[in-house]
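how does the following fold in three dimensions:
(2 chains)
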There are 2 protein chains.
Amino acid sequence: MPADEADVVVVGAGLAGLTAAREIVAAGREVVVLEARDRVGGRVLNHPIGDGKVVEVGGQWIGPGQDRIATLAKELGVETFPTYDTGRNVLCFGKKTSTYSGTIPRINPIVLADVGRAQAAINRLARRVPLEAPWQAEHAERWDGQTFETWLHKAARTRVGRELVRLGIEAVFACEPVEVSLLHVLFYVHSAGTFELLVDTDGGAQQDRFVGGSQVVTERMAADLGGRVRVDTPVRYLRHGGEIVEVVSDRTAVKARRAIVSVPPALAGRITYDPPLPGHRDQLTQKAPMGSVIKCHAFYDAPFWRDDGLSGQATGDGPGVKVTFDNSPPDGSPGVLLGFLEGDEARRLSRVPAPERRRAVIDSFVRFFGPRAAEPRDYVELDWSQEEWTRGCYGAHFAPGVWTRYGDALREPIGPIHWAGTETATEWGGYMDGAVQSGQRAAAEVLASLA
Amino acid sequence: MPADEADVVVVGAGLAGLTAAREIVAAGREVVVLEARDRVGGRVLNHPIGDGKVVEVGGQWIGPGQDRIATLAKELGVETFPTYDTGRNVLCFGKKTSTYSGTIPRINPIVLADVGRAQAAINRLARRVPLEAPWQAEHAERWDGQTFETWLHKAARTRVGRELVRLGIEAVFACEPVEVSLLHVLFYVHSAGTFELLVDTDGGAQQDRFVGGSQVVTERMAADLGGRVRVDTPVRYLRHGGEIVEVVSDRTAVKARRAIVSVPPALAGRITYDPPLPGHRDQLTQKAPMGSVIKCHAFYDAPFWRDDGLSGQATGDGPGVKVTFDNSPPDGSPGVLLGFLEGDEARRLSRVPAPERRRAVIDSFVRFFGPRAAEPRDYVELDWSQEEWTRGCYGAHFAPGVWTRYGDALREPIGPIHWAGTETATEWGGYMDGAVQSGQRAAAEVLASLA
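Numbers count the residues shown, from 1 in each chain, chains lettered A, B, ... in the order given. Okay, the predicted model is just below:
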């Protein structure tokens, strides 16, 4: 197979890989981007719903403090609009349903204080985790030696309080509090700012949306890069030595001086490296599993919940969907309810027939928003664990012992191989903003080493 | 590439894969075994030391209750001999060195009672874990929701007592107590019998050795299988559908009606499946990391420690080697000290230059056995994390939340694909005996489905 040549070859045309390629071209170097799928965007994916409108079945929101993705979108001419956030939110817990305005539900004040204390403790401890090196936190060994669940049992005293915090963890990590270490949660919270920033809509990470859908950002980058981006080219082998790296996909081979691998660590571990990667790096790829989430949309003629004074945002203890949003297009037509199946519920419902899963989701919407939710005119879902080239969303999560034992392998280059992807970010890790940061950082590493 | 045909294709020629192939042939079915390495044996590997003698740089011991590997070895004419276990054992803790006979060290009786209580508790809880379905234990959620370290902090009250139990965990799992859930430890202990069975020499899992080295068992099976076993054929793709499976390696392709994948889950996840595996099974492969161990041998003209009345068995709190054995050939010539670097020490010393690692190991031997250990005539080590076709030993370990969320995916066939390997065993999981059990079980599944 005759090999293309470039200064840098990038594996993966998600936000991180495309951002890296864009920076490399801007610096006057040649780049080729190899993408396994037949499209760019990675975990960012538009789904057309007619009339030129879309919903996003992958990452979609942008919030305050996410300056890198904001700047990038602005450069590319992609506008934002606010997530629908008018009206009262719904809380369904046990057999009780209530509504509330703002971010604080009307629940038992003892529970409320309990949750507040736990959140404050998370924020306080999170600030003590160095973002560049979480394993160097003063109490890293203790914080990484226990599950978040273990910590929560001491930090929150009420059963319902713990359940509410667990809902927040599921919503942010798409896994259960038993699956992550306290240190991982603290790192993640610090990398965003505060726990509230992660979970809030107005003033938080769910504040705004992209006009035309978030994938437009990656599509415009890909358009600018032109023929440098090759889709349908899953990378299988990466041969490297000194100043030469050769990346071989099913259909093409590229020779370059540096490689940037921008796929999540678990998938990076599935590429065959020659020579094989050092054990330390390889074992990191064995310890960075992806979360479990199915993103589900139901479409209605109109956003009927708005008539009821509801925002479309609901939280509940399940079964089924535990978090919802109004994900209608800017003009409110059609009305779109977005529900997430996350962690255990994603895993349970991933394995039932599609009609049963749809029914579980719609039942949840009915529970939150009443019988008018029962008959959507359409339904669209994406189970990211089934996607061969992602294998879970939103991102990787780290079990106890991983940050302290393998965190230093996340970004450390191996010869000419550099690592990008939102999992390697120090700010907004796991988010689109973190993906952009990681692409910029990897490009800077590569450009400096080529200079 | 023209495809070979067989009833069953087996991926991996370790103990599990070869055992499966042997059973399939015995049942009158045709089988082809594809092995990535240039040798059979997998995690079982002899290292010749001259005069027809060997040491094993992989799995080596057999103990009471391991009836499957015992029967197999007997069928193949492989004899056993007792691990050298005469004399006093050495304990180095803090700055203190002491010796003791039997299995109970001479330490502070309060610490001893503390360790005894913790071990008894482990054994008592372990019996309540169903071996076929650990996730169905009455307290599975609680036991799988915490790290073993978290549990240990409550179960053992003395600092040194906890440190001794941690040494046992490192020795058995080749990782730290923060990396595994309590449920994982309990399953593993129950699958062997008791904690003492796992860590003891006489009467335990280190009781006996194989004449000629454990790899002879796999070599004789491979010899019986003849041309059915193909080495140097790393499997890259596995296409499957209904009653057909096609396995493609770099050099050959095999068509069969069933496949048995006998490599550890993490490596099974690196094969490309077409159609792709269900998300649930794929995510299991993201959550089954291998342990970290470097097995180190130092060779001396004679086993000088025996002259001092020492067994060659030592335990200490590090740095470097924390567990040693006399691994001399049956005739005691040369004298061989075996030391394990496990968990954190394996990871730390995996990344230093080889001479520095060797020095750390020899320094440990000197600490345990005195200055005569300082000048071995030879030194041999194997860092299993660097082995491309294993990527860690002794086996996979499960972090909190994995058994309860993904345990049911360990053995569940996917269409014509069946799973073997010691990680899938219900008895002596992680040991050679478990590998044999898994091969027998997978072969039985396949034969039943072909009948």
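
could you measure from A:Glu219 over to chain B?
The gap separating A:Glu219 from chain B is 25 Å, by Cβ to the nearest Cβ, to the nearest Å. C-beta coordinates here come from the backbone N, C-alpha and C atoms, glycine included.

ramachandran coordinates for that residue?
As for A:Glu219, its main-chain torsions (degrees, to the nearest 10) stand at phi -70, psi -40.

the stretch 101-250 of chain A: helices as residue ranges?
Listed in chain order, the helices of the stretch 101-250 of chain A (DSSP state H, counting those that start in this stretch) span A:109-126, A:140-144, A:148-155, A:159-173, A:182-192, A:195-199, A:215-225.

how about residues contacting stretch A:355-365?
The set of residues external to stretch A:355-365 that reach it, using Cβ atoms under 8 Å, 6 or more residues apart in numbering or on different chains, is A:294, A:296, A:298, A:316, A:318-322, A:324, A:337, A:339, A:341, A:349-350, A:352, A:373-374, A:376, A:379, A:381.

list buried residues within these.
For the contacts of stretch A:355-365, a neighbour count by 16 or more other Cβ atoms under 10 Å in any protein chain shown gives the buried set as A:294, A:296, A:298, A:316, A:318, A:320-322, A:324, A:337, A:339, A:341, A:349-350, A:373, A:376, A:379, A:381.

among the residues you listed, which ones lie close to chain B?
When these are filtered against chain B using Cβ under 8 Å from any Cβ of the partner chain, the residues retained are A:Ser350.

just the ones in helices from the buried ones among the contacts of stretch A:355-365, please.
Counted as lying in helices by DSSP state H, out of these, are A:349-350.

what's the closest of the helices of the stretch 101-250 of chain A to A:Ala420?
With Cβ to Cβ, the closest approach to A:Ala420 among the helices of the stretch 101-250 of chain A belongs to helix A:215-225: 13.8 Å.

before we move on, the earlier item: need the winner for burial among the helices of the stretch 101-250 of chain A.
Highest mean neighbour count among these (mean count of other Cβ atoms under 10 Å in any protein chain shown): helix A:182-192, with a mean of 26.

elements contacting that helix?
Using 3 or more Cβ pairs under 8 Å, 6 or more residues apart in numbering or on different chains; DSSP states H and E as the contact criterion, the elements in contact with helix A:182-192 are helix A:109-126, helix A:140-144, helix A:148-155, helix A:159-173, helix A:195-199, helix A:402-406.

next structured bit after the last one?
Stepping forward along the backbone from helix A:402-406, the first helix or strand reached (DSSP states H and E) is strand A:417-419.

and that next one, does that touch chain B?
No - using Cβ under 8 Å from any Cβ, strand A:417-419 stays clear of chain B, coming no nearer than 15.8 Å.

what packs against that strand?
Other helices and strands packing on strand A:417-419, by 3+ Cβ pairs under 8 Å, 6+ apart, are strand A:258-261, helix A:432-450.

is the first one up against chain B anywhere?
No - with Cβ under 8 Å from any Cβ as the threshold, strand A:258-261 lies outside contact range of chain B, at a closest distance of 14.7 Å.

figure out how far that strand is from the centre of its chain.
Its chain's C-alpha centre lies 22 Å from the corresponding centre of strand A:258-261 when counted by Cα atoms, centre = their mean, to the nearest Å.

which other residues reach it?
A:7-12, A:17, A:20, A:238, A:240, A:245, A:247, A:268, A:271, A:416-421, A:439, A:442-443, A:446, A:449-450.

direction included, what does that strand pair against?
Applying DSSP bridges, strand A:258-261 is found paired with strand A:8-11 (parallel), strand A:417-419 (parallel).

burial count for A:Val231?
Neighbourhood size, A:Val231 [other Cβ atoms under 10 Å in any protein chain shown]: 15.

and the closest residue to it other than its chain neighbours, what does it touch?
Counting by Cβ to Cβ, 6 or more residues apart in numbering or on different chains, the nearest residue to A:Val231 once its immediate chain neighbours are dropped is A:Glu35, at 4.8 Å. By Cβ under 8 Å, 6+ apart, the contact set of A:Glu35 is A:12-13, A:17, A:229-233.

which pair in these has the greatest spatial separation?
The most widely separated members of the contacts of A:Glu35 are A:Gly17 and A:Asp232, with 15.2 Å between them, by Cβ to Cβ.

okay, those two: which has more neighbours?
In this view A:Gly17 and A:Asp232 are compared by other Cβ under 10 Å, and A:Gly17 has more residues nearby, 31 against 14.

with chain B as the reference, measure out to that one.
The gap separating A:Gly17 from chain B is 20 Å, by Cβ to the nearest Cβ.

would you mind measuring from the residue nearest the centre of chain A to A:Leu198?
Central residue check for chain A by Cα atoms, centre = their mean: the C-alpha nearest the mean position is that of A:Tyr394, 3.2 Å away. In this structure, A:Tyr394 and A:Leu198 are 11 Å apart, going by Cβ to Cβ, to the nearest Å.

just A:Ser98 next, same as before
Applying Cβ to Cβ, one obtains 23 Å for the distance of A:Ser98 from A:Leu198.

A:Ser364 too?
Distance check for A:Ser364 against A:Leu198: by Cβ to Cβ, it reads 22 Å.

could you list the low-pLDDT ranges of chain A?
A:1-3 (pLDDT under 70).

domains of it?
Chain A breaks down by automatic domain parsing into domains covering A:3-42+A:214-289+A:401-450, A:46-65+A:78-85+A:205-212+A:291-386, A:108-199.

how about these in CSV, adding distance to B:Ala118?
Formatted as CSV, the domains of chain A follow (distance: least, Cβ to Cβ, whole Å):
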stretch, distance to B:Ala118
domain A:3-42+A:214-289+A:401-450, 20
domain A:46-65+A:78-85+A:205-212+A:291-386, 31
domain A:108-199, 17
